[in-house]
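Engineer: Give me the fold of what follows.
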Amino acid sequence: MNPGTSFDRALLESVSVDLLTVARQVSELERGTPSGSARVPGLLTAVRCLDLTALSGAETPADIRELCRAAQRPLSQALLRRLGAAARGMRVAGACVERRFVAAAAEELAATGIPVVAVAGGFPVPFESLEERVRDVRRAVEAGAGEIDLVINRRLARPERWPLLYEELRVLRGACNDLTMKVILAAGELDSLRDVACVSRLAMMAGADFVKTSTGRERVGAALPFGLVMARAIREYRAATGVTVGLKPAGGLKTAGAALQWVALVGHELSPEWAHPDRFRIGASSLLADLERELEITLEEVERARA
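Structural biologist: Numbers count the residues shown, from 1 in each chain. Next up is the predicted model:
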């Protein structure tokens, strides 16, 4: 767990973002997608780091049971046989549900080791009252959540109100107890990449264990520029404190190609060891099907090339 640090306005005000460097790095990531058998490790990493998500608001208990079954067995048995040892023990990192479904999901996943990730405190817009957000988080914890994803109060994501945002997140950190707390920045609604970098660092100061790009309801979701400045903030926080914070892109991630770009981003900007569920998650609802399809296509291409 990230214990956080004291609020440091001077550090936040010193944050800078080189937009030309970010643009160049995005271009490199977009051009650098691996091909052939080199795609397989990245695709498997994306599956293992997936927070499989059901957050449309229209889910039924049957949908949650299906989500939990998919979390435990994300790939077909036929595909697992073809992948062999590379896919041994394959499962996703978490099952992400609304707070009202936490108890049911926790029952389905009992003894699997797969955590129930609860969006709590109001989603996609946080509850107006901090007290109501705290109560909702505590209810999710009591219902069996293993991790909490919560959205920042966007109105406080401005320099003059940073201390208030920090204090709110410290209170919510306490409500999460010792569970993993992922702070959703709603980056697409912030004014600039510098703001994304500043709010990322502020969230870490307040005790965020992960910083997450978006709820999926913003106009722009998991954009690579957000990930690059967030990864830099994570790297700088670790250098200053020795504490490891994770990165979670979410919002509009639907293709295997996009997932591979994020796996590459984490490997290049942080380290290859960061591409692990303890440090990296991908929040998505429909991505899994495309990852499975791409694995099948890639294996077929490799097998044809060998024939």
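Engineer: Distance of W274 relative to P249?
Structural biologist: Relative to P249, W274 is positioned 13 Å away (criterion: CB to CB, to the nearest Å). Placement of C-beta: from N, CA and C, glycine included.
Engineer: how about the residue nearest in space to the middle of the chain, what does it touch?
Structural biologist: Geometric centre of the chain, nearest residue: K248, 2.1 Å, by CA atoms, centre = their mean. The contact partners of K248, taken as CB atoms under 8 Å, 6 or more residues apart in numbering, are 51, 182, 210-213, 280-283.
Engineer: Let's see that with 7 Å instead.
Structural biologist: K248 sits next to 182, 210, 212, 281, 283 when contact means CB atoms under 7 Å, 6 or more residues apart in numbering.
Engineer: swap in V151?
Structural biologist: 121-124, 126, 184, 186, 215.
Engineer: Quick check: bridge partners of it?
Structural biologist: I184 (DSSP bridges).
Engineer: hmm, back to that, which one of the contacts of V151 is nearest L20?
Structural biologist: A186 (25.4 Å; CB to CB).
Engineer: how deep is that closest one tucked in, by neighbour count?
Structural biologist: 26 (other CB atoms under 10 Å).
Engineer: and E273, what pLDDT?
Structural biologist: In this prediction, E273 carries a pLDDT score of 87.
Engineer: just the contacts of K248 now: which is nearest L193?
Structural biologist: K212 (16.3 Å).
Engineer: Buried residues in the helix or strand of the chain with the lowest mean pLDDT, which are they?
Structural biologist: In the chain, no helix or strand scores lower on mean pLDDT, DSSP states H and E than helix 287-306, which sits at a mean of 90. Using 16 or more other CB atoms under 10 Å as the test for burial, helix 287-306 gives 287-288, 290-292, 294-295, 298-299, 302.
Engineer: gap between it and the chain center?
Structural biologist: 25 Å (CA atoms, centre = their mean, to the nearest Å).
Engineer: And stretch 140-149, by the same measure?
Structural biologist: Counting by CA atoms, centre = their mean, stretch 140-149 comes out at 16 Å from the chain centroid.
Engineer: Contacts for that stretch, please.
Structural biologist: When contacts are defined by CB under 7 Å, 6+ apart, stretch 140-149 is touched by residues 94, 96, 99, 102-103, 106, 115-120, 137, 176-177, 179-182, 184, 212.
Engineer: Please enumerate the helices of the stretch 1-150 of the chain.
Structural biologist: Ranges of helices within the stretch 1-150 of the chain are 9-13, 19-31, 39-48, 61-72, 77-83, 102-108, 130-143, based on DSSP state H, counting those that start in this stretch.
Engineer: what helices or strands is the fourth one leaning on?
Structural biologist: Think helix 61-72. Contacts defined by 3 or more CB pairs under 7 Å, 6 or more residues apart in numbering; DSSP states H and E place helix 61-72 against strand 50-54, strand 94-98, helix 102-108.
Engineer: Tabulate the CA atom coordinates of it in PDB.
Structural biologist: C-alpha atoms of helix 61-72 as PDB (Å, rounded to 0.1, in the frame of the first residue of the first chain):
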ATOM      1  CA  PRO A  61     -26.900 -10.800 -11.600                       C
ATOM      2  CA  ALA A  62     -26.600 -13.300 -14.500                       C
ATOM      3  CA  ASP A  63     -24.200 -10.900 -16.300                       C
ATOM      4  CA  ILE A  64     -22.100 -10.700 -13.200                       C
ATOM      5  CA  ARG A  65     -21.900 -14.500 -12.900                       C
ATOM      6  CA  GLU A  66     -20.800 -14.600 -16.600                       C
ATOM      7  CA  LEU A  67     -18.200 -11.900 -15.900                       C
ATOM      8  CA  CYS A  68     -16.800 -13.900 -13.100                       C
ATOM      9  CA  ARG A  69     -16.600 -17.100 -15.100                       C
ATOM     10  CA  ALA A  70     -14.800 -15.200 -17.900                       C
ATOM     11  CA  ALA A  71     -12.400 -13.800 -15.300                       C
ATOM     12  CA  GLN A  72     -11.400 -17.300 -14.300                       C
END
